[in-house]
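Asker: With the sequence up front, the predicted model follows.
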Protein chains: 2
Amino acid sequence: MSPKAKARPGGRSARVQEAVHAAVRELEAEQGRAKLTVPAVAARAGVTPSTIYRRWGDLHELLSDVAVERLRPEEPPSDHGALRADLTAWARQFLDEMASPPGRAYIRDALLGDPDGSNAGQCSAYAAGQVETILARALDRGETAPPADTVMDLVVAPMMYRILFRPDPLTAEYADHLVDTALAAPDESA
Amino acid sequence: MSPKAKARPGGRSARVQEAVHAAVRELEAEQGRAKLTVPAVAARAGVTPSTIYRRWGDLHELLSDVAVERLRPEEPPSDHGALRADLTAWARQFLDEMASPPGRAYIRDALLGDPDGSNAGQCSAYAAGQVETILARALDRGETAPPADTVMDLVVAPMMYRILFRPDPLTAEYADHLVDTALAAPDESA
């Protein structure tokens, strides 16, 4: 079990987490990434380094947790009144954010300090949650919608694969093309 | 520029690389991953630690290079006489290898010690090369074949996304389903 699994929500544990995450964000903004160390983060957060090591294991695991927090969507996807418009707008925004230099750094951090895969799973769950909101709205409108897994496989996965593995420039047209493919895929929903 | 970009093929440089890669593989097999250090690898390879630091930067970059070597396909994809059979067999084998514990560890290593993205790009190029071989054979037989990018987006990307981001079990049927989707996608080839 990863050390961070011991963290409990609420009370002192939550206050320590908030202070340490804030310290990472501040120090990174002020001094840049290369200068981040556990002792420096601890001093800024007003905790001992051993508190950080006990809870997060090492700097990579702490940075992974901070990255996942930053990848959490801030609001539900915007509603444009139709499935294709909603999905296209969301895919363009997702690609824009994730392919940006900070987005790439957060994805990398999230994967790097994540020995049990829980943070990577959380990143995927955030994207799946947004997709499910869009698909549920479409069904409420009486539109036909593909299953969420189809959108994850045909829209989200190719964008993330290219961000991680291929140096090609990524454009809004590429996001549009993936949405077209997903909406043309054989309908497997009930 | 990454330190490893200074390496030149052939001669002493190639011998050092081979000895250091072999030392990593041997020590990992004998003592496990957690015991790998630059001094231990250097001692086994018969070079100085500074040779390794100069050429690879740090242990993560060395492990990334070793991982990419291990992800290099050993032979062209097998020929089953038809596009669907070739692609299905290749996708099943790719998923089986990449989703295995060693496969996951190599993918992770390859991404981790890869500041300029060149090793991740190499992993993708290996997969693309195999896919292109399969598609070229199909065209030679007179079959219709989707473009390689379609297969990368609809078959390779979803498998890699799930391996990295989703904890779901991955089955041969999932690989088959992705191939079905790719072969049913609108044909964009000329």
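Answerer: Arrived safely.
Asker: Tell me both backbone torsions, phi and psi, for A:Asp58.
Answerer: The main-chain torsion angles of A:Asp58 are listed as degrees, to the nearest 10 and equal phi -160, psi 180.
Asker: list the contacts for it?
Answerer: Each residue near A:Asp58 by C-beta atoms under 8 Å, 6 or more residues apart in numbering or on different chains is listed here: A:Val38, A:Gly113. C-beta coordinates here come from the backbone N, C-alpha and C atoms, glycine included.
Asker: swap in A:Arg72?
Answerer: A:Arg72 makes contact with A:Tyr126 under the criterion C-beta under 8 Å, 6+ apart.
Asker: and with 10 Å instead?
Answerer: Residues touching A:Arg72, when contacts are defined by C-beta atoms under 10 Å, 6 or more residues apart in numbering or on different chains, comprise A:Gln122, A:Cys123, A:Ala125, A:Tyr126, A:Gly129.
Asker: How about A:Tyr174?
Answerer: Contact criterion C-beta under 10 Å, 6+ apart gives A:Ala91, A:Arg92, A:Leu95, A:Ala99, A:Pro158, A:Met159, A:Arg162, A:Asp168, B:Asp149, B:Asp153 as the residues in contact with A:Tyr174.
Asker: Over to A:Tyr106?
Answerer: For A:Tyr106, the residues meeting the contact criterion (C-beta under 10 Å, 6+ apart) are A:Leu63, A:Ser64, A:Val66, A:Ala67, A:Val68, A:Glu69, A:Arg70, A:Leu71, A:Glu97, A:Met98, A:Ser100, A:Cys123.
Asker: and chain B, which of those residues reach it?
Answerer: When C-beta under 10 Å from any C-beta of the partner chain is taken as the criterion, the members of the contacts of A:Tyr106 that contact chain B are A:Cys123.
Asker: export the contacts of A:Tyr106 to TSV and tack on distance to B:Arg44 and neighbour count?
Answerer: Output for the contacts of A:Tyr106, formatted as TSV (distance: C-beta to C-beta, whole Å; neighbours: other C-beta atoms under 10 Å in any protein chain shown):
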residue	distance to B:Arg44	neighbour count
A:Leu63	31	24
A:Ser64	31	29
A:Val66	37	25
A:Ala67	35	24
A:Val68	37	23
A:Glu69	41	17
A:Arg70	40	15
A:Leu71	40	19
A:Glu97	44	13
A:Met98	40	22
A:Ser100	42	12
A:Cys123	37	24
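Asker: Closest one of the contacts of A:Tyr106 to chain B?
Answerer: Proximity of these to chain B was ranked by C-beta to the nearest C-beta; the top entry is A:Cys123 with 6.0 Å.
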